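Undergrad: kindly generate the corresponding structure for this input.
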Amino acid sequence: MRSYSIAITSLAIDAPTKWADNLLSQHSIPDVINARRGVARRIRHSALIRIAVIRQLHVQLGTGVADGVRIAAQLLDSMPAGVHKSGQITLTIDLPELERSLNRRLADALESAPATRRGRPPTKPKT
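TA: Here you go, the predicted model:
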């Protein structure tokens, strides 16, 4: 299964890298792979969709990130309906359109963002 870096995720959802990194540091998002210290997180496609929904809730509706995480979970867990109800307010999500838009931005991000190397550079052989 394909997974993405924080940099690619940030470009795809149009968010600062720090925003995405803070989100993943402070909240548990399903399908985000945290190996160990010093190893970059890997974000599966399903997590990328969830993060995109959280970002839109935060930017478009002005929700706090913690509320966005909770609402996104309710929206995505209620699929195919994609409905979140709170009192007399009902929020729906057009998941196919979100995925199309996200896939377009993801293709652009993958094309423009080179993979960064982590760790120490390889040692040069002595001559």
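Undergrad: please make it C-alpha for all contacts and neighbour counts, starting now.
TA: OK.
Undergrad: tell me the confidence at P114?
TA: For P114, the pLDDT comes out at 59.
Undergrad: same check, this time on the one 4 residues further on
TA: According to the prediction, R118 has pLDDT 63.
Undergrad: number the residues from 594 up from this point.
TA: Sure thing, new numbering starts at 594, so read that last one as R711.
Undergrad: buried stuff in stretch 664-678?
TA: Residues I664, A665, A666, L668, L669, G675, V676, H677 are the ones in stretch 664-678 that count as buried (16 or more other CA atoms under 10 Å).
Undergrad: hang on, isn't the fourth one packed against T683?
TA: Same thing as L668. No: assessed by CA atoms under 8 Å, L668 is found out of contact with T683, at 10.5 Å.
Undergrad: who touches both of those two?
TA: Listed as contacting both L668 and T683 by CA atoms under 8 Å, 6 or more residues apart in numbering are V676, H677.
Undergrad: among the buried residues of stretch 664-678, which are located in helices?
TA: With helices taken from DSSP state H, the overlap with the buried residues of stretch 664-678 comprises I664, A665, A666, L668, L669.
Undergrad: with distance to R635 and pLDDT added, can I get those residues in TSV?
TA: Listed next are these as TSV, based on distance: CA to CA, whole Å; pLDDT from 0 to 100:
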residue	distance to R635	pLDDT
I664	23	93
A665	20	93
A666	19	93
L668	23	90
L669	20	91
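Undergrad: ok, which stretches of this structure are helices?
TA: In the chain, the helices defined using DSSP H lie at 599-606, 610-619, 638-653, 658-670, 688-705.
Undergrad: low-confidence ranges, this structure, go.
TA: For the chain, the stretches with pLDDT under 70 are 594, 628-631, 706-712, 720.
Undergrad: out of the helices of the chain, deepest packed?
TA: Ranked by average neighbour count under the criterion mean count of other CA atoms under 10 Å, these are headed by helix 599-606 at a mean of 23.
Undergrad: now it against helix 638-653, angle please.
TA: 60 degrees (axes from the mean of the first three to the mean of the last three CA atoms, to 10 degrees).
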